[in-house]
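**Q** my questions are about this predicted structure, shown below with the sequence.
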Amino acid sequence: EMIRTAYGELNLTAEGLQMFRNAIDYLLNPEFADLIYDESAECIVAHWKLDEIEGGIAYDSVGDNDGILYGNPILQPMGGMLDGALEFDGDDDYVDCGTFNPSDATGQLSICLWAKWNGLNGRYQCLIAKRNEWNFNDMMWQLEANRNSGEAMFEREGYAGFVGGIMTEGDWEHWCVTFDGATAIIYRMGEEANRGAFSFGSKTDAQVVLGGSNNANRFNGALDDVRIYDCVLSAAEILVAMEG
């Protein structure tokens with residue numbers, strides 16, 4: 001069908017015509033936006049905004065996986081990339097979010113977060129992990145900074161891990177990992193950094209921990225806006241997540 005505009009004539013398919021009409025409807029009636037939704041919002045299973053101003057809980061805004069703060073992580077209500085953030089000292093600070101398995105329904109996973117790294121401290125540093133111990137039978141996955149190089153790696157015991165590059169000290173960076181059941185992809189600032197074959201470890205009830213694993217590898221820096229999905233985000237959806 002032909003549409004005439006100030007810029008010329010458009011030949012549209014039936015689908016294109018409907019999209020055009022939807023766009024016009026939206027411009028004329030903002031309430032039409034309620035009918036438009038982000039598919040990734042349907043598969044988000046946990047979202048810790050880390051915007052708290054007091055207390056010892058990191059609240060999950062989409063589920064019931066609130067995290068308990070251990071050690072003395074510092075709440076930074078206005079110090080994050082997106083509003084607040086949580087600062088970890090690299091020693092004994094972490095957040096225990098329970099033993100839920102975010103991939104239980106689909107076998108898939110996406111993790112997105114903002115991180116500001118404070119540098120090497122002689123230890124491995126987990127940004128987020130579903131792990132009790134470094135053993136295939138005691139973990140599923142982790143996103144960790146190497147103790148010698150500061151390279152961000154998505155890994156488990158038995159896989160050397162996929163390196164996304166050396167974390168930038170003192171700057172906020174967005175990291176995302178997707179896994180479709182066979183291939184893991186690690187993104188840095190919205191761009192693919194590496195990919196390869198992967199499989200989960202077998203400990204489906206391992207603890208989910210922010211800023212470390214359950215008993216070691218504490219993160220030296222701050223985290224903000226941590227999200228877990230049970231689907232594979234597209235590159236475009238990752239860019240949307242970066243914006244909050």
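**A** Structure received. Residues are numbered from 1 along each chain as shown.
**Q** so where do the helices sit in the protein?
**A** 14-28, 235-242 (DSSP state H).
**Q** show me what the shortest one is packed against.
**A** Right, the one you point to is helix 235-242. strand 109-117, strand 172-179 (3 or more CB pairs under 8 Å, 6 or more residues apart in numbering; DSSP states H and E). (Each C-beta comes from the backbone N, C-alpha and C, glycine too.)
**Q** for stretch 136-150, give the mean pLDDT please.
**A** On average, the pLDDT along stretch 136-150 is 96.
**Q** buried sites along that stretch?
**A** If you call a residue buried by 16 or more other CB atoms under 10 Å, then stretch 136-150 has these buried ones: 136, 138-146, 150.
**Q** mean pLDDT lowest where, among the helices of the chain?
**A** helix 14-28 (a mean of 68).
**Q** quick one: contacts for the residue nearest the centre of the chain?
**A** Nearest residue to the geometric centre of the chain (CA atoms, centre = their mean): Cys112, 1.4 Å. Cys112 is in contact with 174-176, 225-227, 229, 233, 238, 241-242, counting by CB atoms under 8 Å, 6 or more residues apart in numbering.
**Q** the helices and strands packed on helix 235-242: which one's closest to Leu210?
**A** Taking CB to CB as the criterion, Leu210 comes closest to strand 109-117 out of the helices and strands packed on helix 235-242, the separation being 8.3 Å.
**Q** Asp66: which of the contacts of Cys112 is nearest?
**A** Nearest member of the contacts of Cys112 to Asp66, counting by CB to CB, is Val226, at 12.6 Å.
**Q** just list whatever residues bridge to the closest one.
**A** According to DSSP bridges, the partner residues bridging Val226 are Trp48.
**Q** how about it, what does it touch?
**A** Here Val226 is in contact with 46-48, 50, 111-113, 128, 210 (CB under 8 Å, 6+ apart).
**Q** are any of those residues buried, and which?
**A** For the contacts of Val226, buried by 16+ other CB under 10 Å: 46-48, 50, 111-113, 128, 210.
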